[in-house]
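Enquirer: Any chance you could fold what I've pasted below:
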Amino acid sequence: MERWNQGIGSDKVVKPLGYDENRSIADEIINGNQMLQLTCLNISDGWHIWAGLVIQNDGTVPTSVEKPIIQMLGAYDHQQSFSINTYFYGPFEHGGYAEV
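Expert: Next up, the predicted model:
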């Protein structure tokens with residue numbers, strides 16, 4: 001029997017240099033490994049972040065990844081200042097890539 005089992009295997013969030021403890025960033029993989037939720041406090045103009053994900057398919061049916069859906073909540077003063085860049089690498093069929 002074939003099965004689909006694609007999800008986020010791991011993630012890593014890189015904070016900007018000089019980002020202090022008053023500007024916390026929390027990351028959590030939720031919704032059955034289908035969503036990365038980032039909570040960022042005290043952002044300002046010029047702020048940036050890098051988030052990397054490993055998308056794994058442990059099922060028997062080939063799958064594909066489409067452009068991510070990005071929602072910003074509570075960033076009303078800065079939402080127009082954000083630009084999002086998305087990069088895809090792979091697919092990788094072998095190797096120790098489960099950790100970002």
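
Enquirer: mind checking how far residue 50 is from residue 4?
Expert: 29 Å (Cβ to Cβ, to the nearest Å). All C-beta atoms are positioned from the backbone trio N, CA, C, and that covers glycine.

Enquirer: Stretch 32-44 spans what distance, first to last residue?
Expert: 31 Å (Cα to Cα, to the nearest Å).

Enquirer: Repeat that for stretch 11-24.
Expert: By Cα to Cα, the extent of stretch 11-24 from end to end equals 17 Å.

Enquirer: before we move on, what about stretch 66-81?
Expert: Length of stretch 66-81, first residue to last, Cα to Cα: 24 Å.

Enquirer: Could you do stretch 74-82 as well?
Expert: End-to-end distance for stretch 74-82, by Cα to Cα: 13 Å.

Enquirer: Can you show me the helices along this protein?
Expert: Read by DSSP state H, the chain holds no helices at all.

Enquirer: Just give the number of residues close to residue 4.
Expert: Residues near residue 4, counting by other Cβ atoms under 10 Å, number 11.

Enquirer: any idea of the pLDDT on residue 2?
Expert: On pLDDT, residue 2 comes in at 86.

Enquirer: What's the separation between it and residue 34?
Expert: Remark: distance between residue 2 and residue 34 (Cβ to Cβ) = 20 Å.

Enquirer: The two - which one has more neighbours?
Expert: It is residue 34, of residue 2 and residue 34, that has more neighbours when counted by other Cβ under 10 Å, with 11 against 7.

Enquirer: and the closest residue in space to that one that isn't next to it in sequence, bridged to which residues?
Expert: In this structure, residue 34 finds its nearest non-sequential neighbour in residue 7, 5.9 Å apart by Cβ to Cβ, 6 or more residues apart in numbering. Using DSSP bridges, the beta-bridge partners of residue 7 come out as residue 56.
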